[in-house]
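Novice: Just need the structure, nothing else, for what follows:
(one chain, ligands or ions: 1)
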Amino acid sequence: MMNRRPLIAGNWKMNGLSTGGLALATGIAAKRKAAPDVPCDLLICPPFTLISDVAKAVAGSGIAVGGQDCHAKVSGAHTGDIAAEMLKDVGCSHVIVGHSERRTDHGETDAIVKAKAGAALAAGLAAVICIGETLAQREAGETFAVNRAQLAGSLPDGATAANVVIAYEPVWAIGTGRVATPDQAQEVHAVIRAALQERLGAAEAGAMRILYGGSMKPDNARELLGLPDVDGGLIGGASLKVEDFWAIASASA
Ligand code: PEP
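Specialist: I've put the predicted structure just below:
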């Protein structure tokens with residue numbers, strides 16, 4: 001097995017005003033500084049309004065900052081949207097694309113997600129590309145096919161282990177408290193890695209990180225993060241509390 005360093009990523013979603021958001025970021029940075037040897041990379045993805053301040057607050061801590069979405073175009077008449085280069089400009093190194101809430105709330109298709117991921121790479125950001133089946137798809141026995149199709153349709157040209165992270169997030173597990181069992185997570189992660197191998201070759205597929213997301217909490221993180229093809233977590237609710245997020249990071253050791 002390749003030696004992939006875990007990535008623990010927090011997706012704050014549409015949560016956080018300046019005071020609380022900065023306290024959260026500085027709290028996580030303090031934990032990281034106090035325990036630099038915990039062997040994982042940390043990424044926090046605040047709402048757009050806080051990115052600049054959060055990036056300044058965590059500067060020097062080794063914590064990476066990411067956006068939760070970007071537009072596929074470089075600039076222009078797209079009111080309310082944010083370009084990948086703008087994220088880079090205010091201190092981001094990563095951006096999440098294709099989160100299931102974007103796919104649902106904003107009708108984002110695989111083609112749109114692929115274009116956004118391509119824009120991220122072109123701007124010098126790493127893309128965290130989210131895929132995952134709904135409960136109905138799982139119950140219909142379509143889990144592997146859905147994830148293979150979303151991966152094939154969302155992965156941009158030029159993807160490498162250095163500039164892309166995949167997040168497997170079963171939609172039925174996001175924000176529900178219903179977490180995938182270790183067997184359910186591992187088998188889908190293995191399917192994703194096999195698909196990556198077909199597309200990118202063994203070296204890139206072996207080095208690319210595949211995160212699990214969906215109700216990851218301090219009490220279930222160790223088991224999930226210990227699975228052979230789970231290389232970290234994308235964490236929503238539990239990323240909003242310093243102690244919980246840090247407990248998950250510590251569980252990756
Ligand atoms: C997410 O938003 O990507 C997520 C996994 O949320 P939660 O951890 O709250 O299920």
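Novice: Enumerate the residues of the stretch 101-250 of the chain near the ligand.
Specialist: Within the stretch 101-250 of the chain, the positions adjacent to the ligand are 169, 174, 175, 213, 214, 215, 216, 234, 235, 236, 237, 238 by Cβ under 6 Å from any ligand atom. (Each C-beta comes from the backbone N, C-alpha and C, glycine too.)
Novice: For the fourth one, what are phi and psi?
Specialist: So that's residue 213. phi -140, psi 140 (degrees, to the nearest 10).
Novice: For the residue located most distally from the centre of the chain, give me its contacts.
Specialist: When distances to the mean C-alpha position of the chain are computed (Cα atoms, centre = their mean), the maximum falls on residue 77, with 27.9 Å. Contact partners of residue 77, counting by Cβ atoms under 8 Å, 6 or more residues apart in numbering, are absent.
Novice: tell me the SS of it?
Specialist: Using DSSP: H, G, I helix; E, B strand; the rest coil, the structure places residue 77 in coil.
Novice: re the thing from before, lowest-confidence entry in the residues of the stretch 101-250 of the chain next to the ligand?
Specialist: pLDDT is lowest at residue 175 among those; the value there is 92.
Novice: How many residues are close by that one?
Specialist: Neighbour count of residue 175, defined by other Cβ atoms under 10 Å: 13.
Novice: same deal with residue 122?
Specialist: Residue 122 has 14 nearby residues by other Cβ under 10 Å.
Novice: cool, the one 3 residues further on as well?
Specialist: Applying other Cβ under 10 Å, we find 23 residues neighbouring residue 125.
Novice: Now do the phi/psi pair for it.
Specialist: phi -100, psi 150.
Novice: For it, give its distance to residue 106.
Specialist: Distance from residue 125 to residue 106, counting by Cβ to Cβ, to the nearest Å: 19 Å.
Novice: can you pull the contacts of residue 247?
Specialist: Listed by Cβ under 8 Å, 6+ apart, the contact partners of residue 247 are 218, 221.
Novice: burial of residue 212, as a residue count?
Specialist: Close neighbours of residue 212, defined as other Cβ under 10 Å, add up to 32.
Novice: Is it correct that it falls within a helix?
Specialist: No. In this structure, residue 212 is strand, not part of a helix, as judged by three-state DSSP.
Novice: which residues does it bridge with?
Specialist: As for beta bridges, residue 212 partners with residue 168, residue 233 under DSSP bridges.
Novice: Correct me if wrong: it contacts residue 174.
Specialist: No. The pair residue 212 and residue 174 does not pass the contact test of Cβ atoms under 8 Å, sitting 11.2 Å apart.
Novice: distance of residue 253 from the ligand?
Specialist: In this structure, residue 253 lies at 20 Å from the ligand, with Cβ to the nearest ligand atom, to the nearest Å as the measure.
Novice: Now do that residue, the pLDDT please.
Specialist: Reported pLDDT for residue 253: 81.
Novice: How about residue 217?
Specialist: Residue-level confidence at residue 217 comes out at 97, pLDDT.
Novice: which non-adjacent residue is nearest it?
Specialist: The spatial neighbour of residue 217 that comes closest, neighbours along the chain excluded (Cβ to Cβ, 6 or more residues apart in numbering), is residue 238 at 5.1 Å.
Novice: Where does the stretch 1-150 of the chain get nearest to the ligand, residue-wise?
Specialist: Nearest to the ligand in the stretch 1-150 of the chain, going by Cβ to the nearest ligand atom, is residue 11, at a distance of 4.4 Å.
Novice: residues contacting that residue?
Specialist: Counting by Cβ under 8 Å, 6+ apart, residue 11 makes contact with 45, 68, 96, 99, 213, 234, 235, 236, 239.
Novice: For the first one, list the residues it contacts.
Specialist: In this case it means residue 45. Here residue 45 is in contact with 9, 10, 11, 12, 65, 66, 67, 68, 94, 95, 96 (Cβ under 8 Å, 6+ apart).
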